[in-house]
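**Q** Predicted model and sequence below, questions to follow.
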Amino acid sequence: MLKLLGNAEVFAPEPQGRRHLLIGGERILFIGDTEPDLPKALGVETWDLGGHRVIPGLIDCHVHLTGGGGEGGFQTRVPPLPLSAFTRGGTTTVLGVTGTDDTTRSPGPLLAAARGLTAQGITAYCLTGGYRIPPTTLTGSVRDDIVWLDRVLGVGEIAISDHRSAQPTLDELLRVASDARVAGMLAGKAGLTHLHLGDGERGLDLVRRALETSELPPRIFHPTHVNRRKALLEEAFELADRGCTIDVTAFPVEDGEDAWSAADAVRRYLDAGLPGNRITVSTDAGGSLPVFDEEGNLQSMDVGSPTALGATLAELLDMGRALETVLPAFTANVADVLRLPGKGRIAVGVDADLLVIDEAGNVRDVMARGRWHVRDGVVSTLGTFERDENRRGDE
């Protein structure tokens, strides 16, 4: 079925003005400033968007598709996330990771979850490995996992500066990163090394030394959670200036806490005049947000929310930021670091992943690969095992 979306104020992410978009199958077939004259026999579905803003679907590059947690025992393992958990917040592409628990949450089930979500209508990829070095793999090596497994784009999230990490040495990190880099070259994939940053005072020192002592390009290192301490964010800014893409996490931040919210981190980054294409935002959705005491004992745990991505974008707009300035951190920048040319932009020939947002920047409609998943704030496409009472986005 062909779909014609008329009178859309398109941000691709650059502002394109009022446009009409023709969708066929899973792709955008036409973008124009006048409505195409199409034969009635084609049975085109027409949707007049009335001048609402249309943006690319959001890309979440750090999601625990099989659930995270487990730091407090088996009963603290977070359940997997269903399809509509992502779409109701405007996320149409996800990158799955494992975390602390890469024993019961190994790469095999993660790969299966990515394939399952892709079969249900969004786009899902994953990373091999987890917190520890040597990484847990499916084929026996990081290089072979990336080369031979279709949905695997890199390795991670490898933990550094964290009491839960394997305390990797510089040589160990370089060996894993070089394997991922070469595998990416062989398979035409990102080959990135996605790094979990903990609260440790060493911060990003290991990454700085990796850049200083090796020939590896900065772009393959993608540190996340860099807004969890204010000083850590300043370190991350230096790495972005050297060529790394840094990732801020949309987790809750209390008043007076030594951390920056994702919106504040993006605001500070842009105000610092750093390259606009070297920052991404993710949610840690499905992952535990644990609080430990000074001896490393778990005190409490929250869970990352997939809707935090769209909420952060709306928060930045509420701050008075121009949509075209902040939108790349949620779309085009993420597609670039993951080497996904069909994602993160609105153009002829790319995947029809589209969001319609209201005046406040809140998600109104969601299309993933040419199919409506949310209409007027109500979930219209459910995952295989979801029930109808989960349809409304405010539940």
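**A** Yep, it's here. Numbers count the residues shown, from 1 in each chain.
**Q** contacts, neighbours, all on C-alpha from now
**A** Will do.
**Q** how does this protein divide up, domain by domain?
**A** Annotated domains of the chain cover 2-55+344-390, 57-337 [automatic domain parsing].
**Q** what's in contact with stretch 65-78?
**A** With contact meaning CA atoms under 8 Å, 6 or more residues apart in numbering, stretch 65-78 is reached by 79-81, 96-101, 105, 109-110, 113-114, 285-289, 298, 303.
**Q** Pull out the buried residues from that stretch.
**A** Neighbour-count burial for stretch 65-78 flags 65, 66, 67, 68, 69, 70, 71, 77, 78 (criterion: 16 or more other CA atoms under 10 Å).
**Q** Go through the contacts of stretch 65-78 and flag which are in helices.
**A** The helices, defined by DSSP state H, take in 109, 110, 113, 114 from the contacts of stretch 65-78.
**Q** Highest neighbour count among the residues you listed?
**A** If you count neighbours using other CA atoms under 10 Å, the busiest of the ones in helices among the contacts of stretch 65-78 is residue 110, which has 25 neighbours.
**Q** Can you tell me the closest non-neighbouring residue to that residue?
**A** Leaving aside its sequence neighbours, residue 110 sits nearest to residue 66 (CA to CA, 6 or more residues apart in numbering; 6.0 Å).
**Q** give me phi/psi at the one you found?
**A** phi -100, psi 10 (degrees, to the nearest 10).
**Q** Next one: it relative to residue 371, how far apart?
**A** From residue 66 across to residue 371, the span is 24 Å (CA to CA, to the nearest Å).
**Q** Ok, residue 89 next?
**A** Using CA to CA, one gets 16 Å for the distance from residue 89 to residue 371.
**Q** what residue lies at the spatial centre of the protein?
**A** Against the mean C-alpha coordinate of the chain, by CA atoms, centre = their mean, the closest residue is residue 60 at 1.6 Å.
**Q** and that residue, that's in a helix?
**A** No. If the criterion is DSSP: H, G, I helix; E, B strand; the rest coil, then residue 60 is strand and not within a helix.
**Q** pretty sure it is in contact with residue 97, am I right?
**A** No. Judged on CA atoms under 8 Å, residue 60 makes no contact with residue 97 at a distance of 11.1 Å.
**Q** sorry, back to before: and residue 89 and residue 371? which has more neighbours close in?
**A** Higher neighbour count among residue 89 and residue 371: residue 89, with 26 against 21, using other CA under 10 Å.
**Q** Do me a favour and get the end-to-end distance for stretch 93-109?
**A** Across stretch 93-109, first to last residue, CA to CA, it's 18 Å.
**Q** now swap in stretch 73-84 and tell me
**A** 28 Å.
**Q** can you give me how far it is from the chain middle?
**A** Distance of stretch 73-84 from its chain centroid, counting by CA atoms, centre = their mean, to the nearest Å, is 18 Å.
**Q** now do stretch 141-156
**A** Centre-to-centre, stretch 141-156 and its host chain are 18 Å apart (CA atoms, centre = their mean).
**Q** confidence score at residue 321?
**A** pLDDT for residue 321: 97.
**Q** what residue ranges in the chain score low on pLDDT?
**A** Residue ranges of the chain with pLDDT under 70: 70, 289-293, 295, 297-302, 388-395.
**Q** now the helices: where do they sit in it?
**A** 83-87, 107-119, 142-148, 170-187, 205-213, 230-242, 262-271, 308-318, 323-326, 332-337.
**Q** Nearest to residue 54 among those helices would be which one?
**A** Each of those has some distance to residue 54 by CA to CA; the shortest is helix 323-326, at 10.9 Å.
**Q** which residues touch stretch 127-145?
**A** Contact with stretch 127-145 is made by 95-103, 106-108, 146, 152-159, 164-166, 168, 172-173, 176, 179-180, 182-183, 196, as judged by CA under 8 Å, 6+ apart.
**Q** same thing but at 6 Å, please
**A** Under the criterion CA atoms under 6 Å, 6 or more residues apart in numbering, residues 97-100, 102, 107, 152-159, 165-166, 179-180, 183 lie in contact with stretch 127-145.
**Q** Could you do stretch 227-239 as well?
**A** Identification of contacts with stretch 227-239 by CA under 6 Å, 6+ apart yields 226, 248, 258, 259, 260.
**Q** so the second one makes contact with residue 225?
**A** Yes. Contact between residue 248 and residue 225 holds when scored by CA atoms under 6 Å: they sit 5.2 Å apart.
**Q** In contact with residue 252, which residues?
**A** Counting by CA under 6 Å, 6+ apart, residue 252 touches no other residue.
**Q** Phi, psi for it please.
**A** According to degrees, to the nearest 10, residue 252 has phi -70, psi 140.
**Q** start the count at 9, not 1, going forward
**A** Okay, residue one is now 9; in that scheme the one you just asked about reads as residue 260.
**Q** deepest of the domains of the chain, which one?
**A** Among the domains of the chain, domain 65-345 has the highest mean neighbour count (mean count of other CA atoms under 10 Å), at a mean of 21.
**Q** Can you give me the distance of residue 14 to residue 27?
**A** 7 Å.
**Q** Ok, residue 19 next?
**A** Distance, residue 19 to residue 27, using CA to CA: 10 Å.
**Q** swap in residue 302?
**A** In terms of CA to CA, residue 302 sits 56 Å off from residue 27.
**Q** Pull the contacting residues for residue 26.
**A** Contact analysis of residue 26 by CA under 6 Å, 6+ apart lists 15, 16, 17.
**Q** Look up the closest residue to it, ignoring the ones flanking it.
**A** Spatial nearest neighbour of residue 26, excluding adjacent residues (CA to CA, 6+ apart): residue 17 at 4.5 Å.
**Q** so that neighbour sits right up against residue 61, yeah?
**A** Yes. Under the criterion of CA under 6 Å, residue 17 makes contact with residue 61 at 4.5 Å.
**Q** Would you agree residue 314 is in contact with residue 293?
**A** Yes. Residue 314 is within contact range of residue 293, at 4.8 Å (criterion: CA under 6 Å).
**Q** From start to finish, how long is stretch 64-74 in a straight line?
**A** Using CA to CA, the end-to-end distance of stretch 64-74 comes out at 26 Å.
**Q** what's across from the residue nearest to residue 361 when sequence neighbours are not counted in the sheet?
**A** The shortest distance from residue 361 to any non-neighbouring residue, by CA to CA, 6+ apart, is to residue 376 (4.4 Å). Listed beta-bridge partners, residue 376: residue 379 (assigned using DSSP bridges).
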